[in-house]
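> structure for this input, please:
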Amino acid sequence: MINAYSANGSLKTLAPADALRQLSPDVVWIDLLEPTSREDSYVEGLLGVPIPTREDMKDIEPSSRLYIEGGSVFMTASLVAGADGPNPGLTDVAFILTGNRLVTVRYASPKSFRLFIDAFGRANETMDHATTLLARLLETIADRTAEILEQAADGIDKMSTDIFLNRGKRRPPQFLEGKLAEIAQFHRLVGKVRDSLNSLSRLLTFLSNTPSMCQSQTDDTLCRTVAHDIETLSEHATFVAGNIAFLLDASLGLINVEQNAIIKIFSIASVVFLPPTLVASIYGMNFQFMPELGWQLGYPLAILGMLLSAIIPFFFFRWKGWL
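Purely as a prediction, here's the structure:
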């Protein structure tokens with residue numbers, strides 16, 4: 001799909017079947033969402049610049065993701081997609097500055113793009129420059145990334161409360177094991193956010209040194225502000241990742257404590273019942289000469305001995321605080 005946006009936010013969807021051979025001068029943004037090879041060729045014909053394919057955007061070499069060719073600036077960043085769902089991931093998005101137009105190529109729909117498109121038409125300022133548009137789009141991406149981190153931090157804080165502050169409440173035996181899966185989900189999400197922030201940091205460093213951005217003091221200042229925000233978010237993401245690591249270690253420790261408590265119960269039970277078993281085993285022997293077998297009170301005394309041999313260790317363990 002090819003969406004063309006003018007400076008006032010109006011949208012026009014283009015298709016290769018259109019007879020259009022030249023874009024209107026007021027078109028400042030062309031957004032390609034899951035483009036086909038035919039749509040790529042169509043846009044290349046309109047703009048005269050190569051459009052990166054999905055395979056091109058997956059290249060991890062900085063020289064293949066950030067470069068200037070023929071006066072056009074090509075940049076690729078990894079953005080978080082599906083952060084509100086059960087399977088968050090990264091999607092590569094290409095940003096191309098060519099002339100006074102911004103071209104984006106993406107094969108997913110991060111929420112930051114939807115938020116920016118919704119606010120594009122309501123913006124007070126007229127974004128008739130591609131650099132201004134890109135700077136505002138990157139600002140929206142940074143804001144959305146901050147929102148993802150805040151949601152993750154809130155979820156981790158709530159989980160910490162469930163694990164530690166509500167220990168006195170009755171919980172199912174598999175409660176902590178279930179929390180491990182949630183911790184792993186948060187770990188995956190924050191890991192994707194950190195990868196995305198690193199990618200955006202490299203892109204903004206490269207962008208701030210390009211001739212296109214240096215021509216506008218306002219856009220350059222905004223770009224550097226967003227870069228500072230990205231740096232701050234990276235530090236916060238590291239802090240959140242540390243909290244997740246602590247929560248994981250603490251949960252595993254609590255699981256070990258609960259398992260040890262169960263093993264301790266069985267160990268104490270075996271020690272308590274071992275002396276009575278010994279007494280019963282002795283008097284269960286079939287020897288001919290056992291004086292106690294002839295006693296009239298032999299059986300009650302044997303029962304009493306077994307009870308005392310069980311009760312004494314039990315109270316000894318209670319006195320020691322092992323129960």
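> show me this structure divided up by domain.
2-257, 260-320 (automatic domain parsing).
> ok, the most centrally placed residue in the chain to residue 239 distance?
In the chain, the residue lying closest to the centroid (Cα atoms, centre = their mean) is residue 189, at 0.8 Å. Shown here: residue 189 relative to residue 239, a distance of 15 Å by Cβ to Cβ, to the nearest Å. (Each C-beta comes from the backbone N, C-alpha and C, glycine too.)
> next SSE downstream of the helix or strand residue 90 falls within?
Using DSSP states H and E, residue 90 falls within strand 89-98. Per DSSP H and E, the first helix or strand lying C-terminal to strand 89-98 is strand 101-106.
> just the angle for that next one relative to strand 89-98, thanks.
160 degrees (axes from the mean of the first three to the mean of the last three Cα atoms, to 10 degrees).
> what's strand 101-106 packed up against?
strand 27-33, helix 37-47, strand 89-98, helix 130-160 (3 or more Cβ pairs under 8 Å, 6 or more residues apart in numbering; DSSP states H and E).
> quick one: strands adjacent to it?
According to DSSP bridges, strand 101-106 forms sheet pairs with strand 27-33 (parallel), strand 89-98 (antiparallel).
> picking that back up, deepest-packed of the domains of the chain, please.
domain 2-257 (a mean of 17; mean count of other Cβ atoms under 10 Å).
> weakest of the strands paired with strand 101-106 in terms of mean pLDDT?
Note on the strands paired with strand 101-106: strand 27-33 shows the lowest mean pLDDT, a mean of 84.
> can I get that strand in PDB, CA atoms only?
Taking only C-alpha atoms (Å, rounded to 0.1, in the frame of the first residue of the first chain), the coordinates of strand 27-33 have been written out as PDB:
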ATOM      1  CA  VAL A  27       3.200  15.800  -1.000                       C
ATOM      2  CA  VAL A  28       5.900  15.600   1.800                       C
ATOM      3  CA  TRP A  29       5.500  12.100   3.000                       C
ATOM      4  CA  ILE A  30       5.100   8.800   1.100                       C
ATOM      5  CA  ASP A  31       4.500   5.800   3.400                       C
ATOM      6  CA  LEU A  32       4.900   2.300   1.900                       C
ATOM      7  CA  LEU A  33       3.200  -0.300   4.100                       C
END
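> got the contact list for it?
With Cβ atoms under 8 Å, 6 or more residues apart in numbering as the test, strand 27-33 has contacts from 1-7, 12, 14, 23, 39-40, 43, 47, 51, 100-107, 109, 113, 117, 127-130, 133.
> tell me what angle that strand forms with helix 37-47.
Using the same axes, to 10 degrees: strand 27-33 against helix 37-47 is 170 degrees.
> sorry, back to before: lowest-confidence stretch among the domains of the chain?
domain 260-320 - the lowest mean pLDDT of the domains of the chain, at a mean of 74.
> re the thing from before, redo the strands paired with strand 101-106 as a markdown table? Include distance to residue 157.
Formatted as a markdown table, the strands paired with strand 101-106 follow (distance: least, Cβ to Cβ, whole Å):
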| stretch | distance to residue 157 |
| --- | --- |
| strand 27-33 | 36 |
| strand 89-98 | 24 |
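> any idea how far residue 6 is from residue 16?
From residue 16 to residue 6 the distance is 20 Å (Cβ to Cβ).
> actually, residue 234.
Counting by Cβ to Cβ, the gap from residue 234 to residue 6 is 35 Å.
> got TSV for the helices and strands packed on strand 101-106, with distance to residue 223 too?
Putting the helices and strands packed on strand 101-106 into TSV (distance: least, Cβ to Cβ, whole Å) gives the following:
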stretch	distance to residue 223
strand 27-33	17
helix 37-47	23
strand 89-98	12
helix 130-160	5
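> out of the ones you listed, which gets nearest to residue 82?
Of all the helices and strands packed on strand 101-106, it is strand 89-98 that lies closest to residue 82, at 5.8 Å by Cβ to Cβ.
> tilt between that closest one and helix 130-160?
170 degrees.
> setting aside sequence neighbours, what's the nearest residue to residue 283?
Nearest residue to residue 283, sequence neighbours excluded (Cβ to Cβ, 6 or more residues apart in numbering): residue 302, at 5.2 Å.
> next, give phi and psi for the one you found.
Note on residue 302: its backbone torsions stand at phi -70, psi -40 [degrees, to the nearest 10].
> ok, it touching residue 279?
Yes - applying Cβ atoms under 8 Å, one finds residue 302 in contact with residue 279, separated by 6.4 Å.
> what about the helices in this structure?
Taking DSSP state H as the criterion, the chain contains helices spanning 37-47, 54-57, 62-65, 111-120, 130-160, 175-207, 211-214, 217-282, 298-320.
> contacts for stretch 155-163, please.
176, 179, 182, 183, 186, 240, 243, 244, 247, 250, 251, 254.
> closest to residue 194 out of these?
Comparing the contacts of stretch 155-163 against residue 194 with Cβ to Cβ picks out residue 240 as the nearest, at 9.1 Å.
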